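Q: Requesting a structural model of the entry that follows:
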Amino acid sequence: MNAFDRPQPDGDTTDDLFLGGALTIRQPKDGYRAGTDAVLLAALVTPEVAGRGPVLDVGAGVGVVGLCVAERCPEAKVVLVERDPRLAALAQENIAHNGLSDRASVVETDITRATAALENAGIKSEIFSIVLANPPYHDERRSTSSESPLKAGSHQMSEDGLEDWARFMCRMAAPGGRVAMIHKADALPRILAAFEGRFGAIGILALYPRAGEPAIRVIVEGIKGSRAPVYMKPGLILHGPEQSFVPEVEAIFRHGASLPREYRG
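A: This next block holds a predicted model:
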C-alpha cells in the first residue's frame, strides 16, 4: 500500500515523509509537527551504538525521533514514551505502518509519574543505553498558551520542566549510558543546570542556520555517572549560501546518514 493510501481518520492529520521517504509519519496538521530537530537528534545514534542496548525516546510525540533511529539502525530496539493519548495512538500507528512493530513500542505515561506504567509494560529503570529527548521549547511563563490543548502541551513546559526531564532521563539510562537533548540555544544554561550532577562528559553541539548567524539550536549529550568535564564540539552549519542544506546535513535528511564523527560524542 502506498504511504498516502492510508485511510485518513479525520482532516486534522497529514502523512509526511522522512529520511528520503523511508519513513511515513502521520502527525497532527496544526499541533506540534516534528521536523528537522527530531531527525538531527536521531542522527546522533549510529547503527553500531544502537545495537548495544535499547533506546528510549522521551516525550516521543508521534514517534519521529525513535522511529528514525529504528529505521536507520537495523539492530535498534526502541521504546517511545508519550503522555498524550492521541499522540501515543498516532505513534503506535506509525510503528505499525512502517513495519517496525518487532523493534519499537509505545508506553503512554507522563514522565513525572511514569514508574508504574513503565513497569506494567515490562520496562525497568536503568536499562537504556541511549535516552533521547526533544522537549517542548517554550517556557509557559513567557508564552501565550495555544487554544489547542494538544498544541499547548507539545510546545510549552513549566519553569522546572527541564529538571523533570533530566531526572527521568537519568533514572532510565543505564550506568554509563548516553543521553541527549535538543533544544533552543538560549535554553543551554538551564539544560546544563539540569544535567549537572547526573551526567558527565557533557558535549555541546551548536546548530547554526548559516555561516555568520547565531546558533538556533543546541544538542547537549552526556554520560551517566561520568565525571569528565563539559566540552564544546565544532559547530554545525545547516545551510550553504544557496539556502540548500550542506552535503553532510542533506545526507542525514535524504539518506538516513548519521551525524559525522566530529559532531557525535
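
Q: in stretch 86-104, what's buried?
A: Neighbour counts using 16 or more other CB atoms under 10 Å place 87-95, 97-98, 100, 103-104 of stretch 86-104 among the buried residues. Heads up, the C-betas are built off the backbone N, CA and C, glycines and all.

Q: With stretch 250-259 instead?
A: Those would be Ala251, Ile252, Phe253, Gly256, Ala257, Ser258, Leu259, for stretch 250-259 by 16+ other CB under 10 Å.

Q: cool, and stretch 21-31?
A: Within stretch 21-31, the residues that qualify as buried are Leu23, Thr24, Ile25, Arg26, Gln27, Pro28, Gly31, counting by 16+ other CB under 10 Å.

Q: now do stretch 181-193
A: Going by neighbour count (16+ other CB under 10 Å), the buried part of stretch 181-193 is Met181, Ile182, His183, Ala187, Leu188, Arg190, Ile191, Leu192.

Q: quick one: the host helix or strand of Ala38 to chain centroid distance?
A: If you go by DSSP states H and E, Ala38 is part of helix 36-42. The chain centre lies 6 Å from the centre of helix 36-42; the measure is CA atoms, centre = their mean, to the nearest Å.

Q: what does the longest strand anywhere in the chain rub up against?
A: Looking across the chain with DSSP state E, the single longest strand is strand 173-184. Strand 173-184 has contacts (CB atoms under 8 Å, 6 or more residues apart in numbering) with 37-38, 40-41, 44, 49, 53, 56, 126-135, 137, 162, 165-166, 169-170, 191, 195, 199, 216-226, 265.

Q: Give the ChimeraX command for selecting the buried subset of those.
A: Here is the ChimeraX selection string for the buried members of those, based on 16+ other CB under 10 Å:
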select :37,38,40,41,44,49,53,56,128,129,130,131,132,133,134,135,137,162,165,166,169,170,191,195,199,217,218,219,220,221,222,223,224,265
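
Q: Mind checking which of the contacts of strand 173-184 land in strands?
A: Those of those lying in strands (DSSP E): 56, 128-133, 199, 217-224.

Q: Closest to Phe18 out of those residues?
A: Using CB to CB, Leu132 comes nearest to Phe18 of the ones in strands among the contacts of strand 173-184, at 15.3 Å.

Q: This completes my enquiry, with thanks.
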